[in-house]
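K.L.:
The amino acid sequence is not available; the structure is as follows:
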(Lines give C-alpha, C1' and ligand atoms only; values in the text may rest on other atoms or scores of the structure.)
Protein backbone atom coordinates (compact mmCIF):
# COMPACT_ATOMS: atom_id res chain seq x y z
CA UNK A 1 0.00 0.00 0.00
CA UNK A 2 1.06 3.56 -0.68
CA UNK A 3 0.47 4.36 2.99
CA UNK A 4 3.05 1.78 4.10
CA UNK A 5 5.57 4.59 3.67
CA UNK A 6 4.23 6.22 6.85
CA UNK A 7 3.15 3.18 8.88
CA UNK A 8 5.36 0.14 8.23
CA UNK A 9 8.76 -0.83 9.60
CA UNK A 10 10.89 0.08 12.62
CA UNK A 11 11.76 3.60 11.36
CA UNK A 12 8.07 4.45 11.44
CA UNK A 13 7.60 3.95 15.20
CA UNK A 14 7.16 7.68 15.73
CA UNK A 15 4.66 7.91 12.90
CA UNK A 16 2.55 5.14 14.43
CA UNK A 17 2.75 6.75 17.85
CA UNK A 18 1.30 9.96 16.46
CA UNK A 19 -1.56 8.05 14.87
CA UNK A 20 -2.23 6.06 18.06
CA UNK A 21 -2.49 9.33 20.01
CA UNK A 22 -5.70 10.09 18.12
CA UNK A 23 -7.27 6.73 18.91
CA UNK A 24 -6.38 4.80 15.78
CA UNK A 25 -5.82 1.10 16.50
CA UNK A 26 -2.89 -0.98 15.26
CA UNK A 27 -5.37 -2.93 13.12
CA UNK A 28 -6.59 0.35 11.58
CA UNK A 29 -3.10 0.83 10.21
CA UNK A 30 -3.22 -2.54 8.51
CA UNK A 31 -5.98 -1.21 6.27
CA UNK A 32 -5.77 1.23 3.36
CA UNK A 33 -5.80 4.84 4.57
CA UNK A 34 -8.49 6.76 2.68
CA UNK A 35 -8.63 10.54 2.76
CA UNK A 36 -12.07 12.11 3.04
CA UNK A 37 -11.51 15.61 1.69
CA UNK A 38 -14.37 17.62 3.15
CA UNK A 39 -15.12 21.17 1.98
CA UNK A 40 -17.68 21.78 4.75
CA UNK A 41 -17.96 25.28 6.14
CA UNK A 42 -20.61 27.53 7.68
CA UNK A 43 -20.48 30.10 4.88
CA UNK A 44 -21.65 28.34 1.73
CA UNK A 45 -25.22 26.93 1.68
CA UNK A 46 -24.03 24.12 -0.56
CA UNK A 47 -21.38 23.15 2.01
CA UNK A 48 -23.11 23.81 5.32
CA UNK A 49 -24.36 20.20 5.52
CA UNK A 50 -21.31 18.40 4.13
CA UNK A 51 -20.36 16.94 7.52
CA UNK A 52 -23.42 14.69 7.13
CA UNK A 53 -22.24 13.63 3.68
CA UNK A 54 -18.69 13.03 4.94
CA UNK A 55 -19.99 10.88 7.82
CA UNK A 56 -21.85 8.70 5.33
CA UNK A 57 -18.72 8.41 3.18
CA UNK A 58 -16.64 7.40 6.19
CA UNK A 59 -19.22 4.79 7.21
CA UNK A 60 -18.96 3.32 3.73
CA UNK A 61 -15.17 3.24 3.82
CA UNK A 62 -15.13 1.58 7.24
CA UNK A 63 -17.70 -1.02 6.24
CA UNK A 64 -15.62 -1.92 3.19
CA UNK A 65 -12.41 -2.43 5.14
CA UNK A 66 -10.69 0.94 4.97
CA UNK A 67 -9.59 3.52 7.50
CA UNK A 68 -11.09 6.93 6.72
CA UNK A 69 -9.22 10.10 7.69
CA UNK A 70 -10.89 13.44 7.14
CA UNK A 71 -9.30 16.80 6.36
CA UNK A 72 -10.77 20.12 5.13
CA UNK A 73 -10.33 22.41 2.18
CA UNK A 74 -11.41 26.02 1.78
CA UNK A 75 -14.34 27.26 -0.25
CA UNK A 76 -15.84 30.61 -1.20
CA UNK A 77 -19.51 31.24 -1.91
CA UNK A 78 -19.72 32.97 -5.27
CA UNK A 79 -23.10 34.42 -4.40
CA UNK A 80 -21.83 36.10 -1.24
CA UNK A 81 -18.58 37.17 -2.92
CA UNK A 82 -20.51 38.64 -5.85
CA UNK A 83 -20.37 42.29 -6.91
CA UNK A 84 -17.54 43.45 -4.64
CA UNK A 85 -13.80 42.94 -4.37
CA UNK A 86 -14.33 39.51 -2.83
CA UNK A 87 -15.26 38.16 -6.27
CA UNK A 88 -11.60 38.40 -7.25
CA UNK A 89 -10.99 35.31 -5.12
CA UNK A 90 -13.30 32.40 -6.10
CA UNK A 91 -11.61 31.42 -9.38
CA UNK A 92 -8.15 31.94 -7.92
CA UNK A 93 -9.00 29.56 -5.05
CA UNK A 94 -9.49 26.75 -7.55
CA UNK A 95 -5.70 26.47 -7.76
CA UNK A 96 -5.33 26.79 -3.96
CA UNK A 97 -7.78 23.95 -3.43
CA UNK A 98 -5.96 21.66 -5.86
CA UNK A 99 -2.57 22.57 -4.39
CA UNK A 100 -3.69 22.05 -0.77
CA UNK A 101 -5.15 18.63 -1.56
CA UNK A 102 -1.89 17.69 -3.30
CA UNK A 103 0.07 18.73 -0.21
CA UNK A 104 -2.11 16.79 2.22
CA UNK A 105 -2.36 13.63 0.10
CA UNK A 106 1.33 13.41 -0.72
CA UNK A 107 2.45 14.58 2.71
CA UNK A 108 0.57 11.73 4.36
CA UNK A 109 0.72 9.09 1.63
CA UNK A 110 -2.96 8.20 1.42
CA UNK A 111 -4.00 5.17 -0.58
CA UNK A 112 -7.15 6.74 -2.01
CA UNK A 113 -9.54 9.61 -1.49
CA UNK A 114 -13.17 10.63 -1.59
CA UNK A 115 -13.68 14.29 -2.44
CA UNK A 116 -16.74 15.84 -0.79
CA UNK A 117 -17.65 19.21 -2.26
CA UNK A 118 -20.49 21.01 -4.00
CA UNK A 119 -19.98 24.53 -5.26
CA UNK A 120 -18.50 26.49 -8.11
CA UNK A 121 -14.69 26.43 -7.83
CA UNK A 122 -14.44 23.73 -5.20
CA UNK A 123 -15.63 21.00 -7.57
CA UNK A 124 -13.11 21.71 -10.36
CA UNK A 125 -10.35 22.28 -7.80
CA UNK A 126 -11.04 18.82 -6.37
CA UNK A 127 -11.19 17.18 -9.79
CA UNK A 128 -7.95 18.91 -10.79
CA UNK A 129 -6.33 17.42 -7.68
CA UNK A 130 -7.70 13.96 -8.49
CA UNK A 131 -6.27 14.13 -12.01
CA UNK A 132 -2.93 15.52 -10.83
CA UNK A 133 -2.38 13.06 -7.98
CA UNK A 134 -3.76 10.06 -9.90
CA UNK A 135 -4.57 7.89 -6.90
CA UNK A 136 -7.93 6.07 -6.64
CA UNK A 137 -10.62 8.72 -6.14
CA UNK A 138 -14.36 9.39 -6.25
CA UNK A 139 -16.08 12.75 -6.13
CA UNK A 140 -19.32 13.18 -4.14
CA UNK A 141 -21.40 16.34 -4.19
CA UNK A 142 -23.68 17.65 -1.47
CA UNK A 143 -26.56 17.96 -3.93
CA UNK A 144 -28.75 20.85 -5.08
CA UNK A 145 -31.09 22.83 -2.85
CA UNK A 146 -34.81 22.85 -3.45
CA UNK A 147 -36.56 25.80 -5.09
CA UNK A 148 -38.57 28.38 -3.18
CA UNK A 149 -41.97 29.89 -3.86
CA UNK A 150 -43.25 33.44 -3.65
CA UNK A 151 -46.89 34.30 -4.32
CA UNK A 152 -47.35 30.92 -5.98
CA UNK A 153 -44.38 31.36 -8.30
CA UNK A 154 -41.30 29.11 -8.20
CA UNK A 155 -38.15 31.11 -7.55
CA UNK A 156 -34.48 30.49 -6.90
CA UNK A 157 -31.51 32.68 -6.01
CA UNK A 158 -31.30 34.24 -9.46
CA UNK A 159 -34.94 34.58 -10.50
CA UNK A 160 -35.74 35.66 -6.96
CA UNK A 161 -33.28 37.73 -4.97
CA UNK A 162 -30.75 38.76 -7.63
CA UNK A 163 -33.21 39.77 -10.33
CA UNK A 164 -35.33 41.36 -7.62
CA UNK A 165 -32.72 44.13 -7.35
CA UNK A 166 -33.36 45.12 -10.95
CA UNK A 167 -37.12 44.87 -10.40
CA UNK A 168 -37.07 47.21 -7.41
CA UNK A 169 -34.85 49.64 -9.31
CA UNK A 170 -37.41 49.57 -12.10
CA UNK A 171 -40.22 50.26 -9.64
CA UNK A 172 -41.89 46.88 -10.20
CA UNK A 173 -41.75 45.74 -6.56
CA UNK A 174 -41.40 47.33 -3.12
CA UNK A 175 -38.66 46.87 -0.52
CA UNK A 176 -41.01 44.77 1.59
CA UNK A 177 -41.68 42.51 -1.37
CA UNK A 178 -37.94 42.17 -2.01
CA UNK A 179 -37.45 41.15 1.61
CA UNK A 180 -40.08 38.43 1.22
CA UNK A 181 -38.40 37.26 -1.98
CA UNK A 182 -35.04 37.08 -0.17
CA UNK A 183 -36.57 34.95 2.59
CA UNK A 184 -37.99 32.44 0.11
CA UNK A 185 -35.33 32.24 -2.63
CA UNK A 186 -33.11 29.62 -0.96
CA UNK A 187 -35.28 27.41 1.29
CA UNK A 188 -32.76 24.61 2.03
CA UNK A 189 -29.06 23.88 2.10
CA UNK A 190 -27.47 22.70 -1.13
CA UNK A 191 -25.95 24.13 -4.27
CA UNK A 192 -28.24 26.75 -5.85
CA UNK A 193 -31.34 25.14 -7.33
CA UNK A 194 -30.82 25.86 -11.05
CA UNK A 195 -28.29 24.68 -13.58
CA UNK A 196 -25.67 27.18 -12.48
CA UNK A 197 -21.93 26.41 -12.33
CA UNK A 198 -21.98 24.20 -9.24
CA UNK A 199 -24.74 21.93 -10.48
CA UNK A 200 -23.29 21.89 -13.98
CA UNK A 201 -19.93 20.66 -12.67
CA UNK A 202 -21.62 18.14 -10.35
CA UNK A 203 -23.51 16.85 -13.39
CA UNK A 204 -20.47 16.68 -15.65
CA UNK A 205 -18.64 14.61 -13.03
CA UNK A 206 -21.10 11.82 -13.88
CA UNK A 207 -20.28 12.01 -17.59
CA UNK A 208 -16.56 12.14 -16.82
CA UNK A 209 -17.03 8.90 -14.89
CA UNK A 210 -15.50 10.20 -11.65
CA UNK A 211 -18.82 10.29 -9.72
CA UNK A 212 -21.65 7.85 -9.15
CA UNK A 213 -24.96 8.15 -11.03
CA UNK A 214 -27.24 10.61 -9.25
CA UNK A 215 -24.38 12.80 -8.12
CA UNK A 216 -25.61 15.82 -10.06
CA UNK A 217 -29.34 15.84 -9.31
CA UNK A 218 -30.35 14.11 -6.06
CA UNK A 219 -31.45 17.03 -3.84
CA UNK A 220 -29.38 17.85 -0.78
CA UNK A 221 -32.13 17.17 1.80
CA UNK A 222 -32.93 13.67 0.53
CA UNK A 223 -31.86 10.46 2.25
CA UNK A 224 -30.83 9.19 -1.18
CA UNK A 225 -28.01 11.78 -1.09
CA UNK A 226 -26.53 10.15 2.03
CA UNK A 227 -27.01 6.71 0.49
CA UNK A 228 -25.02 7.82 -2.55
CA UNK A 229 -22.25 9.11 -0.26
CA UNK A 230 -22.08 5.82 1.63
CA UNK A 231 -21.91 3.90 -1.65
CA UNK A 232 -19.04 6.15 -2.76
CA UNK A 233 -17.13 5.24 0.41
CA UNK A 234 -17.69 1.55 -0.30
CA UNK A 235 -16.79 1.91 -3.93
CA UNK A 236 -13.49 3.73 -3.40
CA UNK A 237 -12.19 0.66 -1.59
CA UNK A 238 -12.73 -1.42 -4.73
CA UNK A 239 -10.90 1.21 -6.79
CA UNK A 240 -7.97 0.98 -4.38
CA UNK A 241 -7.96 -2.81 -4.56
CA UNK A 242 -8.07 -2.81 -8.37
CA UNK A 243 -5.86 0.30 -8.70
CA UNK A 244 -8.27 2.03 -11.06
CA UNK A 245 -6.88 5.56 -11.31
CA UNK A 246 -8.47 8.89 -12.28
CA UNK A 247 -6.49 9.16 -15.50
CA UNK A 248 -7.75 5.70 -16.50
CA UNK A 249 -11.24 7.18 -16.26
CA UNK A 250 -10.77 10.83 -17.32
CA UNK A 251 -9.62 10.20 -20.88
CA UNK A 252 -10.12 12.45 -23.90
CA UNK A 253 -13.29 10.52 -24.77
CA UNK A 254 -14.57 11.05 -21.23
CA UNK A 255 -13.95 14.79 -21.50
CA UNK A 256 -15.79 14.86 -24.81
CA UNK A 257 -18.66 13.09 -23.07
CA UNK A 258 -18.67 15.78 -20.39
CA UNK A 259 -18.70 18.54 -23.01
CA UNK A 260 -21.51 16.77 -24.86
CA UNK A 261 -23.65 16.50 -21.73
CA UNK A 262 -22.87 20.12 -20.87
CA UNK A 263 -24.15 21.29 -24.25
CA UNK A 264 -27.19 19.02 -24.22
CA UNK A 265 -28.40 20.32 -20.84
CA UNK A 266 -27.39 23.96 -21.41
CA UNK A 267 -24.82 24.24 -18.61
CA UNK A 268 -22.75 27.14 -17.32
CA UNK A 269 -20.14 28.83 -19.51
CA UNK A 270 -17.68 28.43 -16.62
CA UNK A 271 -17.29 24.80 -17.64
CA UNK A 272 -15.13 25.97 -20.54
CA UNK A 273 -12.62 27.15 -17.95
CA UNK A 274 -12.90 24.20 -15.62
CA UNK A 275 -12.94 21.27 -18.04
CA UNK A 276 -9.87 22.70 -19.78
CA UNK A 277 -8.10 23.03 -16.44
CA UNK A 278 -9.02 19.50 -15.29
CA UNK A 279 -7.97 18.09 -18.67
CA UNK A 280 -4.64 19.87 -18.33
CA UNK A 281 -4.04 18.09 -15.01
CA UNK A 282 -5.12 14.78 -16.55
CA UNK A 283 -2.61 15.36 -19.38
CA UNK A 284 -5.43 15.34 -21.92
CA UNK A 285 -5.32 17.69 -24.90
CA UNK A 286 -8.74 19.35 -24.77
CA UNK A 287 -9.22 22.64 -26.62
CA UNK A 288 -11.81 25.40 -26.31
CA UNK A 289 -12.80 24.85 -29.93
CA UNK A 290 -14.02 21.35 -29.00
CA UNK A 291 -17.02 22.93 -27.27
CA UNK A 292 -18.09 24.61 -30.47
CA UNK A 293 -17.46 21.56 -32.67
CA UNK A 294 -19.68 19.46 -30.42
CA UNK A 295 -22.24 22.24 -29.95
CA UNK A 296 -23.00 22.26 -33.67
CA UNK A 297 -24.17 18.65 -33.61
CA UNK A 298 -25.67 18.22 -30.12
CA UNK A 299 -29.16 19.65 -29.50
CA UNK A 300 -30.12 21.37 -26.26
CA UNK A 301 -32.81 19.15 -24.72
CA UNK A 302 -33.30 20.61 -21.23
CA UNK A 303 -34.00 24.19 -20.26
CA UNK A 304 -33.34 24.63 -16.58
CA UNK A 305 -33.05 27.88 -14.66
CA UNK A 306 -31.66 30.40 -15.54
CA UNK A 307 -32.49 29.58 -19.18
CA UNK A 308 -35.90 28.17 -18.30
CA UNK A 309 -38.13 27.41 -15.33
CA UNK A 310 -37.18 23.87 -14.36
CA UNK A 311 -34.86 23.12 -11.44
CA UNK A 312 -32.35 20.38 -10.69
CA UNK A 313 -34.99 18.68 -8.54
CA UNK A 314 -37.30 18.69 -11.58
CA UNK A 315 -34.54 17.08 -13.65
CA UNK A 316 -34.03 14.47 -10.94
CA UNK A 317 -37.73 13.59 -10.94
CA UNK A 318 -37.76 13.49 -14.74
CA UNK A 319 -35.16 10.71 -14.90
CA UNK A 320 -31.97 12.50 -13.95
CA UNK A 321 -28.79 12.84 -15.91
CA UNK A 322 -28.79 9.11 -16.55
CA UNK A 323 -31.86 9.55 -18.79
CA UNK A 324 -30.16 12.37 -20.69
CA UNK A 325 -26.95 10.39 -21.05
CA UNK A 326 -28.84 7.35 -22.34
CA UNK A 327 -30.56 9.49 -25.00
CA UNK A 328 -27.17 10.77 -26.14
CA UNK A 329 -25.57 7.30 -26.15
CA UNK A 330 -28.46 5.78 -28.10
CA UNK A 331 -28.05 8.55 -30.69
CA UNK A 332 -24.29 7.89 -30.84
CA UNK A 333 -23.58 11.45 -29.74
CA UNK A 334 -21.80 10.22 -26.65
CA UNK A 335 -19.32 7.37 -26.13
CA UNK A 336 -20.85 4.79 -23.81
CA UNK A 337 -17.73 2.62 -23.63
CA UNK A 338 -15.74 4.87 -21.29
CA UNK A 339 -15.09 3.35 -17.86
CA UNK A 340 -16.39 4.89 -14.66
CA UNK A 341 -15.86 4.66 -10.90
CA UNK A 342 -18.75 2.16 -10.70
CA UNK A 343 -16.56 -0.43 -12.40
CA UNK A 344 -18.97 -0.40 -15.32
CA UNK A 345 -19.02 1.54 -18.55
CA UNK A 346 -21.05 4.71 -18.86
CA UNK A 347 -23.56 2.85 -21.04
CA UNK A 348 -23.93 0.09 -18.44
CA UNK A 349 -24.53 2.71 -15.73
CA UNK A 350 -27.55 4.15 -17.57
CA UNK A 351 -28.95 1.11 -19.39
CA UNK A 352 -32.14 1.11 -17.31
CA UNK A 353 -32.66 4.88 -17.30
CA UNK A 354 -35.92 6.23 -18.70
CA UNK A 355 -37.39 9.67 -19.24
CA UNK A 356 -40.27 10.09 -16.82
CA UNK A 357 -41.25 13.64 -17.76
CA UNK A 358 -40.83 14.66 -21.38
CA UNK A 359 -41.59 18.30 -20.57
CA UNK A 360 -38.30 18.48 -18.63
CA UNK A 361 -36.16 16.21 -20.82
CA UNK A 362 -37.10 16.57 -24.47
CA UNK A 363 -36.31 14.20 -27.31
CA UNK A 364 -33.55 14.93 -29.81
CA UNK A 365 -36.10 15.48 -32.58
CA UNK A 366 -37.96 18.04 -30.45
CA UNK A 367 -35.16 19.99 -28.76
CA UNK A 368 -35.24 23.47 -27.29
CA UNK A 369 -32.63 24.31 -29.90
CA UNK A 370 -30.82 22.35 -32.58
CA UNK A 371 -27.43 23.36 -31.22
CA UNK A 372 -25.90 22.94 -27.78
CA UNK A 373 -26.10 25.42 -24.94
CA UNK A 374 -22.68 27.05 -25.42
CA UNK A 375 -21.13 28.73 -28.45
CA UNK A 376 -17.57 29.91 -28.99
CA UNK A 377 -17.28 33.21 -30.88
CA UNK A 378 -14.27 34.70 -32.64
CA UNK A 379 -13.46 37.86 -34.55
CA UNK A 380 -11.26 40.93 -34.36
CA UNK A 381 -12.58 41.63 -30.86
CA UNK A 382 -11.78 38.13 -29.58
CA UNK A 383 -9.07 36.52 -31.77
CA UNK A 384 -8.55 33.70 -29.24
CA UNK A 385 -12.22 33.19 -28.54
CA UNK A 386 -15.17 34.24 -26.40
CA UNK A 387 -17.96 32.21 -24.84
CA UNK A 388 -21.73 32.67 -24.65
CA UNK A 389 -24.54 30.57 -23.19
CA UNK A 390 -26.64 30.70 -26.34
CA UNK A 391 -29.40 28.57 -24.82
CA UNK A 392 -30.16 31.51 -22.49
CA UNK A 393 -30.34 34.12 -25.29
CA UNK A 394 -33.71 35.18 -26.71
CA UNK A 395 -34.19 34.77 -30.49
CA UNK A 396 -34.23 38.53 -31.13
CA UNK A 397 -30.74 38.90 -29.60
CA UNK A 398 -29.01 36.08 -31.47
CA UNK A 399 -27.68 38.85 -33.71
CA UNK A 400 -27.12 42.36 -32.42
CA UNK A 401 -25.29 45.50 -33.40
CA UNK A 402 -24.90 48.52 -31.16
CA UNK A 403 -22.65 51.18 -29.65
CA UNK A 404 -20.10 50.23 -27.01
CA UNK A 405 -20.61 51.61 -23.52
CA UNK A 406 -17.18 51.30 -21.94
CA UNK A 407 -16.50 50.47 -18.28
CA UNK A 408 -13.13 49.51 -16.81
CA UNK A 409 -14.64 47.68 -13.83
CA UNK A 410 -17.77 45.81 -12.84
CA UNK A 411 -18.62 48.46 -10.25
CA UNK A 412 -18.69 51.24 -12.84
CA UNK A 413 -20.98 49.23 -15.12
CA UNK A 414 -23.34 48.19 -12.33
CA UNK A 415 -23.73 51.76 -11.12
CA UNK A 416 -24.53 52.94 -14.65
CA UNK A 417 -27.12 50.19 -15.14
CA UNK A 418 -28.89 50.97 -11.87
CA UNK A 419 -28.76 54.70 -12.73
CA UNK A 420 -30.63 53.84 -15.96
CA UNK A 421 -27.82 55.18 -18.14
CA UNK A 422 -27.91 52.08 -20.37
CA UNK A 423 -30.38 52.31 -23.23
CA UNK A 424 -31.98 49.86 -25.62
CA UNK A 425 -29.50 48.81 -28.30
CA UNK A 426 -26.36 49.41 -26.22
CA UNK A 427 -23.50 46.95 -25.80
CA UNK A 428 -22.14 47.16 -22.26
CA UNK A 429 -18.37 46.51 -22.26
CA UNK A 430 -16.77 45.51 -18.93
CA UNK A 431 -13.01 45.11 -19.27
CA UNK A 432 -9.88 44.74 -17.14
CA UNK A 433 -11.74 41.99 -15.29
CA UNK A 434 -9.95 39.00 -16.89
CA UNK A 435 -7.75 36.46 -15.08
CA UNK A 436 -4.82 38.89 -14.92
CA UNK A 437 -6.72 42.15 -15.05
CA UNK A 438 -9.21 41.49 -12.26
CA UNK A 439 -7.20 39.74 -11.08
CA UNK A 440 -9.33 36.67 -10.64
CA UNK A 441 -11.82 37.00 -13.50
CA UNK A 442 -14.86 38.09 -11.57
CA UNK A 443 -18.38 36.92 -12.39
CA UNK A 444 -20.75 39.60 -13.66
CA UNK A 445 -23.98 38.27 -12.18
CA UNK A 446 -25.13 41.54 -10.64
CA UNK A 447 -24.91 43.60 -13.86
CA UNK A 448 -26.57 40.87 -15.91
CA UNK A 449 -29.27 40.23 -13.29
CA UNK A 450 -29.96 43.97 -13.11
CA UNK A 451 -30.30 44.16 -16.89
CA UNK A 452 -32.78 41.27 -16.82
CA UNK A 453 -34.64 42.65 -13.82
CA UNK A 454 -35.06 45.95 -15.66
CA UNK A 455 -36.42 44.20 -18.74
CA UNK A 456 -33.46 45.00 -21.02
CA UNK A 457 -32.25 41.47 -21.78
CA UNK A 458 -33.94 41.55 -25.20
CA UNK A 459 -32.33 44.82 -26.27
CA UNK A 460 -28.96 45.18 -24.47
CA UNK A 461 -25.89 42.95 -24.83
CA UNK A 462 -22.98 42.71 -22.40
CA UNK A 463 -19.43 41.64 -23.25
CA UNK A 464 -16.47 41.20 -20.92
CA UNK A 465 -13.06 39.64 -20.46
CA UNK A 466 -14.43 38.52 -17.12
CA UNK A 467 -16.90 35.70 -16.78
CA UNK A 468 -20.49 35.03 -15.81
CA UNK A 469 -22.31 33.15 -13.13
CA UNK A 470 -23.98 29.97 -14.23
CA UNK A 471 -27.10 31.87 -13.24
CA UNK A 472 -26.63 34.47 -15.96
CA UNK A 473 -29.10 34.68 -18.83
CA UNK A 474 -29.38 36.94 -21.82
CA UNK A 475 -26.90 38.02 -24.54
CA UNK A 476 -23.85 37.99 -22.28
CA UNK A 477 -20.51 37.16 -23.88
CA UNK A 478 -17.54 36.50 -21.62
CA UNK A 479 -14.02 35.08 -21.51
CA UNK A 480 -12.97 37.47 -24.31
CA UNK A 481 -9.39 36.53 -25.13
CA UNK A 482 -6.84 38.02 -25.16
CA UNK A 483 -7.99 40.06 -22.17
CA UNK A 484 -7.56 43.81 -21.86
CA UNK A 485 -4.72 43.55 -19.34
CA UNK A 486 -2.43 41.98 -21.94
CA UNK A 487 -3.40 44.42 -24.67
CA UNK A 488 -6.28 42.46 -26.16
CA UNK A 489 -8.62 44.29 -28.55
CA UNK A 490 -11.29 44.73 -25.86
CA UNK A 491 -8.84 47.08 -24.14
CA UNK A 492 -8.64 49.22 -27.29
CA UNK A 493 -12.35 49.96 -27.56
CA UNK A 494 -13.67 53.49 -27.22
CA UNK A 495 -17.10 54.80 -26.29
CA UNK A 496 -19.48 54.52 -29.23
CA UNK A 497 -17.52 51.95 -31.27
CA UNK A 498 -20.01 49.71 -33.04
CA UNK A 499 -19.96 46.11 -31.80
CA UNK A 500 -21.38 43.37 -34.01
CA UNK A 501 -22.49 40.10 -32.40
CA UNK A 502 -23.69 37.18 -34.53
CA UNK A 503 -24.21 33.99 -32.55
CA UNK A 504 -25.37 31.73 -35.43
CA UNK A 505 -22.21 32.58 -37.36
CA UNK A 506 -20.00 32.64 -34.24
CA UNK A 507 -18.84 36.23 -34.80
CA UNK A 508 -17.92 39.00 -32.37
CA UNK A 509 -16.24 42.02 -33.87
CA UNK A 510 -15.83 45.75 -33.66
CA UNK A 511 -16.39 47.76 -36.82
CA UNK A 512 -12.85 49.10 -36.98
CA UNK A 513 -10.14 48.51 -39.57
CA UNK A 514 -7.04 46.51 -38.77
CA UNK A 515 -5.08 49.74 -39.24
CA UNK A 516 -7.15 51.60 -36.66
CA UNK A 517 -6.78 48.76 -34.15
CA UNK A 518 -3.01 48.71 -34.74
CA UNK A 519 -2.81 52.48 -34.19
CA UNK A 520 -4.74 52.21 -30.96
CA UNK A 521 -2.53 49.31 -29.83
CA UNK A 522 0.58 51.48 -30.28
CA UNK A 523 -0.95 54.15 -28.04
CA UNK A 524 -2.26 51.69 -25.43
CA UNK A 525 -0.64 51.93 -22.01
CA UNK A 526 -0.87 48.93 -19.71
CA UNK A 527 -2.50 49.98 -16.44
CA UNK A 528 -1.01 49.04 -13.07
CA UNK A 529 -2.21 45.83 -11.47
CA UNK A 530 -5.25 46.09 -9.24
CA UNK A 531 -3.73 43.60 -6.78
CA UNK A 532 -1.84 44.70 -3.68
CA UNK A 533 1.83 43.62 -3.94
CA UNK A 534 2.64 40.72 -1.65
CA UNK A 535 -0.89 39.29 -1.70
CA UNK A 536 -1.96 35.97 -3.14
CA UNK A 537 -3.86 37.78 -5.89
CA UNK A 538 -0.68 39.59 -6.91
CA UNK A 539 1.16 36.28 -7.25
CA UNK A 540 -1.86 34.78 -9.01
CA UNK A 541 -1.94 37.59 -11.59
CA UNK A 542 1.67 36.84 -12.53
CA UNK A 543 1.09 33.13 -13.08
CA UNK A 544 -2.43 32.84 -14.52
CA UNK A 545 -2.96 32.37 -18.25
CA UNK A 546 -5.76 33.38 -20.60
CA UNK A 547 -9.37 32.25 -20.31
CA UNK A 548 -9.13 30.35 -23.59
CA UNK A 549 -6.64 27.97 -21.93
CA UNK A 550 -8.79 27.50 -18.82
CA UNK A 551 -7.08 30.23 -16.75
CA UNK A 552 -4.50 27.69 -15.63
CA UNK A 553 -1.09 28.58 -14.23
CA UNK A 554 1.92 28.88 -16.50
CA UNK A 555 4.05 25.78 -16.43
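P.N.:
The structure has been received and is ready for your questions. Note that the structure is a prediction, hence the values are computed from the model and not measured.
K.L.:
Not counting the one helix or strand residue 273 maps to itself, show me its contacts.
P.N.:
In this structure, residue 273 sits in helix 271-281 according to DSSP states H and E. The contact list for helix 271-281 (Cβ atoms under 8 Å, 6 or more residues apart in numbering) reads 91, 94, 98, 123-124, 127-129, 131-132, 197, 200-201, 204, 208, 250, 252, 255, 258-259, 262, 285-288, 291, 374, 376, 387, 441, 467, 479, 547, 549-552. For the C-beta atoms, the positions are set from N, CA and C on the backbone; glycine is no exception.
K.L.:
Can you flag the buried ones in these?
P.N.:
91, 94, 98, 123-124, 127-129, 131-132, 197, 200-201, 204, 208, 250, 255, 258-259, 262, 286, 288, 291, 374, 376, 387, 441, 467, 479, 547, 549-552 (16 or more other Cβ atoms under 10 Å).
K.L.:
Please flag which of those sit within strands.
P.N.:
374, 376, 387, 479 (DSSP state E).
K.L.:
With adjacent residues omitted, what lies nearest to residue 541?
P.N.:
Among residues not flanking residue 541 along the chain, residue 439 sits closest, at 3.7 Å (Cβ to Cβ, 6 or more residues apart in numbering).
K.L.:
wait, isn't that neighbour in contact with residue 90?
P.N.:
No - using Cβ atoms under 8 Å, residue 439 is not in contact with residue 90, being 12.0 Å away.
K.L.:
what about residue 50, how many neighbours?
P.N.:
27 (other Cβ atoms under 10 Å).
K.L.:
nearest spatial neighbour of it, skipping sequence neighbours?
P.N.:
residue 40 (3.7 Å).
K.L.:
dump the residue contacts of that neighbour.
P.N.:
For residue 40, the contacting residues are 47-51, 54, 72, 116, by Cβ under 8 Å, 6+ apart.
K.L.:
Give me the distance between the residue most central in space within the chain and residue 450.
P.N.:
The centroid of the chain falls nearest to residue 197 when counting by Cα atoms, centre = their mean (3.5 Å). Separation of residue 197 from residue 450 (Cβ to Cβ, to the nearest Å) stands at 19 Å.
K.L.:
Residue 183: how many residues sit nearby?
P.N.:
Using other Cβ under 10 Å, residue 183 has 13 other residues around it.
K.L.:
Can you mark which positions in stretch 103-120 are buried?
P.N.:
Residues of stretch 103-120 classed as buried by neighbour count (16+ other Cβ under 10 Å): 104-105, 109-120.
K.L.:
That one: how far from the chain's middle?
P.N.:
Stretch 103-120 sits 19 Å away from the centroid of its parent chain (Cα atoms, centre = their mean, to the nearest Å).
K.L.:
For it, the averaged confidence score.
P.N.:
Stretch 103-120 comes out with an average pLDDT of 98.
K.L.:
Next: stretch 308-316.
P.N.:
Stretch 308-316 shows a mean pLDDT of 95.
K.L.:
And for stretch 232-240?
P.N.:
On average, stretch 232-240 scores 98.
K.L.:
do stretch 56-76 as well
P.N.:
98.
K.L.:
Equivalent analysis for stretch 386-404, please.
P.N.:
Mean predicted confidence for stretch 386-404 is 94.
K.L.:
re the thing from before, and which of the ones in strands among the buried ones among the contacts of helix 271-281 is nearest residue 32?
P.N.:
residue 374 (39.7 Å; Cβ to Cβ).
K.L.:
since we're on residue 495, how many residues are nearby?
P.N.:
Counted with other Cβ under 10 Å, residue 495 comes out at 10.
K.L.:
ok, now residue 438?
P.N.:
As a burial measure, residue 438 scores 30 neighbours (other Cβ under 10 Å).
K.L.:
Skip the chain neighbours and tell me the closest residue to it.
P.N.:
Closest to residue 438 by Cβ to Cβ, 6+ apart is residue 88, at 5.2 Å.
K.L.:
Confirm for me that the one you found is in contact with residue 440.
P.N.:
Yes - the pair residue 88 / residue 440 is scored as a contact, 3.6 Å apart, by Cβ under 8 Å.
K.L.:
and for the two, which residues touch both?
P.N.:
residue 537.
K.L.:
Between the two, tell me which one has more neighbours.
P.N.:
Between residue 88 and residue 440, counting by other Cβ under 10 Å, residue 440 is the more crowded of the two (30 against 22).
K.L.:
mind listing what that one touches?
P.N.:
87-92, 537, 540.
K.L.:
go with 6 Å
P.N.:
88-89, 91-92 (Cβ atoms under 6 Å, 6 or more residues apart in numbering).
K.L.:
Next, the residue nearest to residue 541: phi, psi?
P.N.:
When quoted as degrees, to the nearest 10, the phi and psi of residue 439 stand at phi -70, psi 160.
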